[in-house]
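# what's the 3D shape of this:
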Amino acid sequence: MSEENDVVDGLISRLTVIDQQPLDRRAVAFAQIHDELRAVLDGSTGPFGR
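Okay, here's the model as predicted:
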């Protein structure tokens, strides 16, 4: 469970930093996170991948 908490805390930290950036940089950064999360959900990468 600790690894899951670390991942969530890291994501929240990243989102906080991204949210403080100018709009054009936010869009790119959010798209990158979207792609990373999709890959994890698809099971192809990440600590919770299959």
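# Just want the most central residue of this protein.
For the chain, Ile33 is the residue whose C-alpha lies nearest the centre (CA atoms, centre = their mean; 4.2 Å).
# Quick one: classify that residue as helix, strand or coil.
With DSSP: H, G, I helix; E, B strand; the rest coil as the basis, the three-state label of Ile33 is helix.
# got it, and the one 10 residues further on?
Each residue gets one of three states, and Gly43 gets coil by three-state DSSP.
# burial measure for it, as a count.
Using other CB atoms under 10 Å, Gly43 is surrounded by 10 other residues. Using the backbone N, CA and C atoms, a C-beta is placed for each residue, glycine as well.
# tell me which residues in the host helix or strand of Val17 are buried?
Val17 is located in helix 2-19, with elements delineated by DSSP states H and E. For helix 2-19, burial by neighbour count (16 or more other CB atoms under 10 Å) applies to Ile18.
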